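>>> Following is a predicted model, sequence given first.
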Amino acid sequence: MSLSKSVRQIHRWISIAFTIGVIINVIAYSQGEPPFWVGLLALLPLILLLLTGLYLFALPYAIGWRNGRRLARQE
């Protein structure tokens, strides 16, 4: 499997972990003041989503630069 396909799959699984972390945060905060680590349940996957998302965003531009082409505007 290529690197971009692997990163896409990892990005999907991290988004599931992030969603579960947010649900746990909502439940914990609805029952009072939760411990500090509960807030990290959503923060850590969010940071990983940012990194993989930036990679996936820049991938088409990097391919164009590598091939020596500039991406032309579609008009």
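Looks like it arrived, so ask away.
>>> and the spatially most central residue of the chain, what is it in contact with?
Nearest to the mean C-alpha position of the chain, counting by Cα atoms, centre = their mean, stands L49 at 1.6 Å. Shown in contact with L49 (Cβ atoms under 8 Å, 6 or more residues apart in numbering): 11, 14-15, 18. Placement of C-beta: from N, CA and C, glycine included.
>>> again, only using 10 Å
For L49, the contact set (Cβ atoms under 10 Å, 6 or more residues apart in numbering) comprises 10-11, 14-15, 17-18.
>>> Closest to G53 out of those residues?
Nearest to G53 among those is H11, at 6.6 Å by Cβ to Cβ.
>>> residues contacting the closest one?
Neighbours of H11 in contact, by Cβ under 10 Å, 6+ apart: 48-49, 51-53, 55-56.
>>> lowest-confidence helix or strand of the chain?
helix 36-66 (a mean of 88; mean pLDDT, DSSP states H and E).
>>> residues of that one that come out buried?
41-42, 45-46, 48-49, 52, 55 (16 or more other Cβ atoms under 10 Å).
>>> before we move on, back to that, just flag the most distant two among the contacts of H11.
Between all members of these, the farthest pair (by Cβ to Cβ) comes out as L48 and L56, at 12.4 Å.
>>> What values do phi and psi take at P34?
With angles defined as degrees, to the nearest 10, P34 sits at phi -80, psi 170.
>>> what about it, distance to L48?
Counting by Cβ to Cβ, to the nearest Å, the gap from P34 to L48 is 22 Å.
>>> Please apply the same query to F18.
Distance of F18 to L48, given as Cβ to Cβ: 8 Å.
>>> likewise I20?
In this view, I20 and L48 are 14 Å apart by Cβ to Cβ.
>>> Repeat that for I16.
Counting by Cβ to Cβ, the gap from I16 to L48 is 12 Å.
>>> joint contacts of the two?
When Cβ under 10 Å, 6+ apart defines a contact, no residue borders I16 and L48 alike.
>>> Which positions within the host helix or strand of V22 qualify as buried?
If you go by DSSP states H and E, V22 is part of helix 3-30. Residues of helix 3-30 classed as buried: 7, 11, 14-15, 17-18, 21, 25 (neighbour count, 16+ other Cβ under 10 Å).
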